[in-house]
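A.B. asks: Okay, here's the prediction I keep looking at, along with the sequence it came from:
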2 protein chains.
Amino acid sequence: MPAKMDPEDKIIATSLTSQVERYIIALIRREQLKPGDALPSEMQLVEQLGLSRSVVREAFRSLAALGIVEIRSGRKPRVKTFDSSVLELLLNFAASTAQVSLEQILEVRTGMEIYCASLAAQRITTDEEQALLQETCSIEKYISDPESFTQHDLRFHRLLAQAAHNFLYALMLQALHQQIHQSITAGLALQQSAEERARIVTLHQDICAAVCAHDAEKAAAAMRRHFAAVEQAAAAAAAGSQLYIKTGLK
Amino acid sequence: MPAKMDPEDKIIATSLTSQVERYIIALIRREQLKPGDALPSEMQLVEQLGLSRSVVREAFRSLAALGIVEIRSGRKPRVKTFDSSVLELLLNFAASTAQVSLEQILEVRTGMEIYCASLAAQRITTDEEQALLQETCSIEKYISDPESFTQHDLRFHRLLAQAAHNFLYALMLQALHQQIHQSITAGLALQQSAEERARIVTLHQDICAAVCAHDAEKAAAAMRRHFAAVEQAAAAAAAGSQLYIKTGLK
DNA sequence: AATTATCAACCTGTCAGACAGTCTGATGTT
DNA sequence: AACATCAGACTGTCTGACAGGTTGATAATT
């Protein structure tokens, strides 16, 4: 076991596994490996580093958990394409352990979506305009079906994030959306009334129009109005449920 | 840049280790464990689930990589307090493998900071006002020392995130800041001229004043101006470096 | 009695070897 | 040239073992 530990490293006191993690990350960076590229197999690294297989295995599994590499039985580990799943998992966990509240998530989403709308207005392509228009119609069409309505609403916002042509925005918003959607289906969030949904349709049409007109200012303003309405509805719902609790009336 | 799911996700990759991961997460949720609470030891879970120790170990290490649990030699695993380190690691990796560009990070930061400023204006406490004011002075004071200047600039924005009283904002902005700071120190980002720094000081003073005056509108507007300036400087720097490359002149 | 020192039990970190199931690419067949 | 087959490589899981860190109760000291 030629695992030479410098005494100076004891301050960091990192486990061998963590060191191997960093080694692999450094390897990816050094070799400029791209998503899909193969990494050394466990045994190759074992021989190369003179460590036991457990250590190398755990390092790979940790990186897999972070969504950095992909490991599947029988195949060499590969660099993985980044996606929102890890972020979703973390957000989900943070929310379910009450370290982060739904209000906080919604606030973050608000800030991101407003700016995202103005970016989308500047960058949207004609194809994306088509898709956005169609989705806006779908939202209106399914106004009476809360389930589909929510579904199309989320899709609308996802299209907008794509139109901003910023991968990180699409990624983060996707994670936030997923978390919010989950809260909604769990009945933890606002139940929208028909009037509220009608207003939301109008607001979405405003957003769509502004974005397609490449008017960043108007798009941001419309999105601001949208989230102001959402916030208002959420506050009303919270107050309403309290009233319901207090009075026992509907 | 599609945020679509791979069709290979159709069947959940259910290795035993992944199942144990989910089991532990479910356990934390079910028992409503809070950060710092102890989890079952490896051996306890081994007996409880009738699996080998490797499987349980790898599950714990994966969760540790995600920042969900904390494992240290000799001690039982504990639920960990959420922090930005995982997000930083992921962002750092995404940036270094060119899956995400610095511009994209900066854009996300822009959207978040603008809204964050308006939230801060509504929620800042007098103590936080004090700290913000002091930091604003520090920025001005160290205007001639780029290193300290950047340091205080980051601190200013961190204080603002705290004043917004939204843990998620603080968390995400911290991760974005760290990544941007790293790019700056690596010389990958803009080198600010003295005039630019002077302008930034003014803009920070504007932000500070608006926030302390509890004027959300003005705070957002000031922050927008700030990032418009940053963006402009970045664009100029990019054009300048291109010019430098092309002409060989300074 | 209060404080400190000690130690045993528990726990994680690492190593070694083994076997089963999966995947890939080369080989051979049609 | 297209296809079927198969050996080799690779990961998933299990068992057993030992070193070293951590903790809390017990014993020793003041």
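C.D. replies: That came through, no problem.

A.B. asks: Which parts of chain A belong to which domain?
C.D. replies: Listed by automatic domain parsing, the domain ranges of chain A are A:7-79, A:85-247.

A.B. asks: okay, those in CSV with mean neighbour count, distance to B:Val69 and mean pLDDT next?
C.D. replies: Quick note: C-beta positions are derived from backbone N, CA and C, even for glycine. Formatted as CSV, the domains of chain A follow (neighbours: other Cβ atoms under 10 Å in any protein chain shown; distance: least, Cβ to Cβ, whole Å; pLDDT from 0 to 100):
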stretch, mean neighbour count, distance to B:Val69, mean pLDDT
domain A:7-79, 16, 11, 89
domain A:85-247, 18, 10, 87
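
A.B. asks: Out of the ones you listed, which gets nearest to B:Gln162?
C.D. replies: Among these, the nearest to B:Gln162 by Cβ to Cβ is domain A:85-247 (13.3 Å).

A.B. asks: Would you check that A:Ser118 makes contact with A:Glu217?
C.D. replies: Yes: judged on Cβ atoms under 8 Å, A:Ser118 makes contact with A:Glu217 at a distance of 7.2 Å.

A.B. asks: Could you check how far A:Cys208 is from chain B?
C.D. replies: 19 Å (Cβ to the nearest Cβ, to the nearest Å).

A.B. asks: Equivalent analysis for A:Ser18, please.
C.D. replies: 9 Å.

A.B. asks: Which secondary structure element is home to A:Gln99?
C.D. replies: Using DSSP states H and E, A:Gln99 maps to neither a helix nor a strand.

A.B. asks: Could I get the contacting residues of it?
C.D. replies: Contact partners of A:Gln99, counting by Cβ atoms under 8 Å, 6 or more residues apart in numbering or on different chains, are B:Pro35, B:Thr81, B:Phe82, B:Phe167.

A.B. asks: What strand or helix carries the residue of chain A found nearest DNA strand C?
C.D. replies: Scanning chain A for proximity to DNA strand C using Cβ to the nearest atom of the strand identifies A:Gly74 as nearest, at 2.5 Å. Using DSSP H and E, A:Gly74 sits within no helix or strand.

A.B. asks: from the contacts of A:Gln99, which is closest to A:Arg199?
C.D. replies: B:Phe167 (30.2 Å).

A.B. asks: Would you check that that closest one makes contact with A:Glu103?
C.D. replies: No: assessed by Cβ under 8 Å, B:Phe167 is found out of contact with A:Glu103, at 10.8 Å.

A.B. asks: how about the residues of chain A that lie near DNA strand C?
C.D. replies: Contacts of chain A with DNA strand C, taken as Cβ under 7 Å from any atom of the strand, map to A:1, A:3, A:15-17, A:51-55, A:58, A:72-75.

A.B. asks: With respect to chain B, which of these is nearest?
C.D. replies: Set against chain B, the nearest of the residues of chain A next to DNA strand C by Cβ to the nearest Cβ is A:Glu58 (4.8 Å).

A.B. asks: Just list the residues touching A:Ala121, thanks.
C.D. replies: Residues in contact with A:Ala121 (Cβ under 8 Å, 6+ apart) are A:Ala210, A:Val211, A:Ala213, A:His214, A:Asp215, A:Ala216, A:Lys218, A:Ala219, A:Ala220.

A.B. asks: So which of these sit within helices?
C.D. replies: Secondary structure from DSSP state H places A:Ala210, A:Val211, A:Ala216, A:Lys218, A:Ala219, A:Ala220 of the contacts of A:Ala121 in helices.

A.B. asks: Quick check: the third one touching A:Cys116?
C.D. replies: It refers to A:Ala216. No: A:Ala216 lies out of contact with A:Cys116 (Cβ under 8 Å); the separation is 10.8 Å.

A.B. asks: what's near enough to touch the residue lying closest to A:Leu39 once chain neighbours are set aside?
C.D. replies: Excluding its sequence neighbours, the residue lying closest to A:Leu39 (Cβ to Cβ, 6 or more residues apart in numbering or on different chains) is A:Pro77, at 4.3 Å. Counting by Cβ under 8 Å, 6+ apart, A:Pro77 touches A:Ala38, A:Leu39, A:Pro40, A:Ser41, A:Glu42, A:Phe60, A:Ala64, A:Val69, A:Glu70, A:Ile71.

A.B. asks: distance of A:Glu31 from chain B?
C.D. replies: From A:Glu31 across to chain B, the span is 11 Å (Cβ to the nearest Cβ).

A.B. asks: Spatially nearest residue to that residue, not counting backbone neighbours?
C.D. replies: Leaving out its chain neighbours, the residue that sits closest to A:Glu31 by Cβ to Cβ, 6+ apart is A:Asp37, at 8.0 Å.

A.B. asks: Determine the set of other helices and strands touching the helix or strand where A:His152 lies.
C.D. replies: For A:His152, the host element (DSSP H and E) is helix A:146-163. Contacts defined by 3 or more Cβ pairs under 8 Å, 6 or more residues apart in numbering or on different chains; DSSP states H and E place helix A:146-163 against helix A:102-123, helix A:126-141, helix A:167-185, helix A:194-212.

A.B. asks: mind running it again at 6 Å?
C.D. replies: Packing partners of helix A:146-163 (3 or more Cβ pairs under 6 Å, 6 or more residues apart in numbering or on different chains; DSSP states H and E): helix A:102-123, helix A:126-141, helix A:167-185.

A.B. asks: Looking at those, which is nearest to A:Val46?
C.D. replies: Of all those, helix A:167-185 comes closest under Cβ to Cβ, at 33.9 Å.

A.B. asks: quick revisit: just send the domains of chain A back as CSV, with distance to DNA strand D too.
C.D. replies: Putting those into CSV (distance: least, Cβ to the nearest atom of the strand, whole Å) gives the following:
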stretch, distance to DNA strand D
domain A:7-79, 3
domain A:85-247, 17
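
A.B. asks: Quick one: those domains as a markdown table, columns for distance to B:Tyr142 too.
C.D. replies: Formatted as a markdown table, the domains of chain A follow (distance: least, Cβ to Cβ, whole Å):
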| stretch | distance to B:Tyr142 |
| --- | --- |
| domain A:7-79 | 30 |
| domain A:85-247 | 29 |
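
A.B. asks: who's in contact with A:Ser84?
C.D. replies: For A:Ser84, the contact set (Cβ atoms under 6 Å, 6 or more residues apart in numbering or on different chains) comprises A:Leu171, A:Gln174, A:Ala175.

A.B. asks: Excluding chain neighbours, give the residue nearest to A:Gln122 in space.
C.D. replies: Counting by Cβ to Cβ, 6+ apart, the residue nearest A:Gln122 is A:Ala216, at 5.4 Å.

A.B. asks: How about A:Thr81?
C.D. replies: Nearest non-adjacent residue to A:Thr81, counting by Cβ to Cβ, 6+ apart: A:Pro35, 4.0 Å away.

A.B. asks: is it true that the one you found lies in a strand?
C.D. replies: No: with DSSP: H, G, I helix; E, B strand; the rest coil as the criterion, A:Pro35 is assigned coil and is not in a strand.

A.B. asks: Now do the end-to-end distance for stretch A:76-88.
C.D. replies: Using Cα to Cα, to the nearest Å, one end of stretch A:76-88 lies 26 Å from the other.

A.B. asks: how close does the residue nearest the centre of chain A get to A:Phe60?
C.D. replies: Nearest residue to the geometric centre of chain A (Cα atoms, centre = their mean): A:Ala175, 1.7 Å. For A:Ala175, the distance to A:Phe60 equals 24 Å [Cβ to Cβ, to the nearest Å].

A.B. asks: for chain B, what are the nearby residues on chain A?
C.D. replies: A:29, A:58, A:61-62, A:65-66, A:68, A:82, A:93-94, A:96, A:99-100, A:104, A:107-108, A:111-112, A:115, A:166-170, A:174 (Cβ under 6 Å from any Cβ of the partner chain).

A.B. asks: All set now, cheers.
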